[in-house]
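[1] Just need the structure, nothing else, for what follows:
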Amino acid sequence: MSVSVDDIKKLRELTGVGLTDAKKALVETDGDFDKALEAMRKKGLTKAEKKGDREAREGLIEGYVHSGRIGVVVEVNCETDFVARLDDFKTLAHEIAMQIAAMSPKYVSEADIPAEEMERVKTELMASDALASKPEEMREKIVEGQLKKHFVEQVLMSQAYILDDSKTVEQHIKEAIAKLGENIVVRQFRRIELGVSE
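    Now for the predicted structure:
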C-alpha cells in the first residue's frame, strides 16, 4: 500500500515522530490518516509517561495579563534549553498561563494540596447529614468521590483544558511531551487579581 508523502509529513508534524514511524503507521492503517494519527498519539503518550521521571530544570517563566485585571506568572520546565526556545514550547507555556488566568486553580497537582486542608474538607463531608444513614464502608467511598470532585477545579492538572475541554491540562501537557520528546513540568505559578487578596 502506497501512502502520500504529504500525509507522512502532516502526521510527522502533528505527532513529532520520525518520517519512518509516520510512514509505517499509515501503511499499518491502510492509509487511513485519522487511525494512524490516533495510533501515533497513543504511542506518543506511552512514551510521554516514561519521560515523566526525567529531570526538567530548563524552561521559561511566562507572564500573561488579561484585560489589565488578572496577571499570571508561571514557571514551565523542560529538559533542555533547545526545547525551551521552540515556539511549540513557548505556546504551551502561554496556554498554561491563560488557563490559570481563566480557571484560577490553587494547586499545580493533587500532591500540592496540604494534608490539613484535605483532612478539613474530608471531616466536613463526613459530618454531612446525608451520609449519616449510610453504612460505614459506603461512607468512606462516597466521601472519597466527593473529595476528588471538590478539589478537581482547584488543581491545574485536573482541570478541563480551556481550548479543548475534551481533555485535561495534564493530558494536553502529555501530548506536548510526546511531540517535543522531553519531560515538561509546571513547577509553580502565581495569579493576581485586581482588588482581590489571598
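
[2] For the spatially most distant residue from the centre of the chain, list the residues it contacts.
    For the chain, the largest distance from the centre (CA atoms, centre = their mean) belongs to residue 133, which lies 38.4 Å off. Applying CB atoms under 8 Å, 6 or more residues apart in numbering, we find residue 133 in contact with no residue. (Glycine included, C-beta is placed from N, CA and C.)

[3] Assumed it was part of a strand.
    No: assessed with DSSP: H, G, I helix; E, B strand; the rest coil, residue 133 is coil; it does not lie in a strand.

[4] Next one, pLDDT for it please.
    For residue 133, the model assigns a pLDDT of 74.

[5] which outside residues touch stretch 145-158?
    Against stretch 145-158 from outside (CB under 8 Å, 6+ apart): 96, 99-100, 103, 105-110, 112-113, 118, 121-122, 125, 159, 168-170, 173, 186, 189.

[6] where in this protein is pLDDT low?
    Filtered on pLDDT under 70, the chain yields the residue ranges 1-2, 13-18, 41-54, 198.

[7] Would you check that residue 92 makes contact with residue 174?
    No: between residue 92 and residue 174 there is no contact, the gap being 11.3 Å when judged by CB atoms under 8 Å.

[8] related to what we said a few turns ago, now which of the contacts of stretch 145-158 would you call buried?
    Applying 16 or more other CB atoms under 10 Å to these, the neighbour count classes 96, 99-100, 103, 105, 107-108, 113, 121-122, 125, 159, 168-170, 173, 186, 189 as buried.

[9] the helices in this structure, which residues?
    In the chain, the helices defined using DSSP state H lie at 5-15, 19-28, 33-51, 81-84, 87-103, 115-126, 136-152, 169-180.
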